[in-house]
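> Sharing a model prediction with you, sequence too.
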Amino acid sequence: MSTQHKNKGPWVHRFLVTFFSVIMAILCFWLLGFVVDDIGSWPGPNYEDLEKELLDPVLIEKQKSFGDQVAEVKRQISAQNQRQKLLRDSTSSSQKTMNQLLEFQRLNLQKNVTPSAEEQQALAESQRRFLANQKQYQLLNQTIVQFNEQLTHLEGEQRDLDTEIEKLRKPIDEQYHRLWGRHDFKIAIFKLALLLPLLLVAMVLFFKFRGGTYTPLIYAFGIAVVLKVAVVMHEHFPSRYFKYVLILTALAIVVRILVYLLRMIAFPKKDWLLRQYREAYEYFFCPICAYPIRRGPLKYRFWTRRTIKKMAPSSTAKMAEETAYACPACSTGLYEKCPQCGEIRESLLPTCQSCGNTRELESASTP
Ligand SMILES: [Zn+2]
Ligand SMILES: [Zn+2]
């Protein structure tokens, strides 16, 4: 008979199968990721090469030399400023000395003491130094002004050159962008050339061997490939297109699932139906209309799926009344005489518990 059930194994075993399937999917995903990354690391266009090729090297040289010159002038200005600062200190100290000497002389004159030749010489010396410092300070000022003018001039020219080069760079940037786009597209094609055949293999495996012994392997591999394809598409194609690919795929999956569910109700599969019947019998409900099966010890009881587990079996009544029984609500026959051994058996389950006689379930018997 064809109602042979697949052996699902104990739950630990099933758990291990699921666990290792997940591990396998992750490993497949990683492996694909490494290969795809290696493809992605192929060198793209080089901006410097492109610049060398398309931009006048003289201009670049000029820009560099301008930069050097500006730096040099700035360095000079800062050196002169430093010197000026030192000079200022020296000037103020010589000024102080001079003032002290003058004051000293003035006091001496008040006392009618004529200053000695040495004192006069010292005063003259300090005056001379003060004036010399002043003069040098002025000279330095002039130099700094000159340097500043030079700097302004240089910076102006540099700015002009910069804008000129900027203008020349624009087509180079565009070219670079174009080359990158082409490179990116090439990489995407190579990646898909690797992934799409794998996707095809996964699909063929899925449609051919789904439901077989190695289904978890097929699922793990398939999910890894599909995810990687999605990631690659997302990386390389503008999100504008990717969005549609994603939503259409999701829509296809959802429609497929809905159709499957609807078909399952309209044309129930034997397995599915059997599971439904089995569960209903376990809880003593009519499998067709869910009305309670009140026979034997349950004749005057009330229960739900939840409470029936806690119900104590009545000790006085017989365990089960061995008579045929039809659902009083929907008149489906639920217990009947076995045609082979004459004992009472469940009408909607495949095998007679007394003699083991098996018969096909009528599928789609929903009224
Ligand atoms: Zn019923
Ligand atoms: Zn039988």
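That came through fine. Keep in mind it's a predicted model, so treat the numbers as computed, not measured. Residues are numbered from 1 along each chain as shown. Ligands and ions are numbered 1, 2, ... in the order given.
> CA atoms for contacts and neighbours, from now on please.
Will do.
> centre of the chain versus the lengthiest strand in the chain, how much separation?
Taking DSSP state E as the criterion, the chain has its longest strand at strand 333-337. Centre-to-centre, strand 333-337 and its host chain are 60 Å apart (Cα atoms, centre = their mean, to the nearest Å).
> Parallel or antiparallel, list what pairs with the helix or strand just after that strand.
Sequence order places strand 344-346 as the next helix or strand after strand 333-337, per DSSP states H and E. Here strand 344-346 is paired, per DSSP bridges, with strand 333-337 (antiparallel).
> Please say whether there is contact between the partner strand and ligand 1.
No. In terms of Cα under 5 Å from the ion, no part of strand 333-337 sits within range of ligand 1; the closest distance is 8.3 Å.
> What residues sit buried inside that strand?
334-337 (16 or more other Cα atoms under 10 Å).
> Same question for stretch 138-151.
Neighbour-count burial for stretch 138-151 flags 140, 144, 147-148, 150-151 (criterion: 16+ other Cα under 10 Å).
> What are the contacting residues of that stretch?
70, 73-74, 76-77, 80-81, 84 (Cα atoms under 8 Å, 6 or more residues apart in numbering).
> And those residues, which of them are buried?
Buried, going by 16+ other Cα under 10 Å: 70, 73-74, 76-77, 80, 84, out of the contacts of stretch 138-151.
> tell me which of these is nearest to ligand 1?
Taking Cα to the ion as the measure, ligand 1 lies nearest V70 of the buried ones among the contacts of stretch 138-151, at 98.9 Å.
> Checking the residue in the stretch 101-250 of the chain positioned nearest to ligand 2 next. Helix, strand or coil?
Using Cα to the ion, the closest approach of the stretch 101-250 of the chain to ligand 2 is made by G211 at 32.2 Å. Using DSSP: H, G, I helix; E, B strand; the rest coil, the structure places G211 in coil.
> Phi and psi next, for it.
phi 90, psi -10 (degrees, to the nearest 10).
> if we can go back for a sec, reformat the buried residues of stretch 138-151 as a markdown table; add pLDDT and secondary structure.
As requested, the buried residues of stretch 138-151 are exported to a markdown table (pLDDT from 0 to 100; DSSP: H, G, I helix; E, B strand; the rest coil):
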| residue | pLDDT | secondary structure |
| --- | --- | --- |
| L140 | 89 | helix |
| I144 | 91 | helix |
| F147 | 92 | helix |
| N148 | 93 | helix |
| Q150 | 91 | helix |
| L151 | 92 | helix |
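> Filtering those residues by proximity to ligand 2, which remain?
Among these, ligand 2 is touched by none when using Cα under 5 Å from the ion.
> re earlier: using a markdown table, please lay out the contacts of stretch 138-151 together with pLDDT, distance to ligand 1 and secondary structure.
Below are these laid out as a markdown table (pLDDT from 0 to 100; distance: Cα to the ion, whole Å; DSSP: H, G, I helix; E, B strand; the rest coil):
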| residue | pLDDT | distance to ligand 1 | secondary structure |
| --- | --- | --- | --- |
| V70 | 91 | 99 | helix |
| V73 | 92 | 103 | helix |
| K74 | 93 | 101 | helix |
| Q76 | 92 | 105 | helix |
| I77 | 92 | 105 | helix |
| Q80 | 90 | 109 | helix |
| N81 | 91 | 107 | helix |
| Q84 | 88 | 111 | helix |
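> Just give me the closest of those residues to I265.
Proximity of the contacts of stretch 138-151 to I265 was ranked by Cα to Cα; the top entry is V70 with 84.3 Å.
> Is the closest one in contact with G156, as I believe?
No. Taking contacts as Cα atoms under 8 Å, V70 lies outside contact range of G156: 10.5 Å.
> Perfect, I'm done here.
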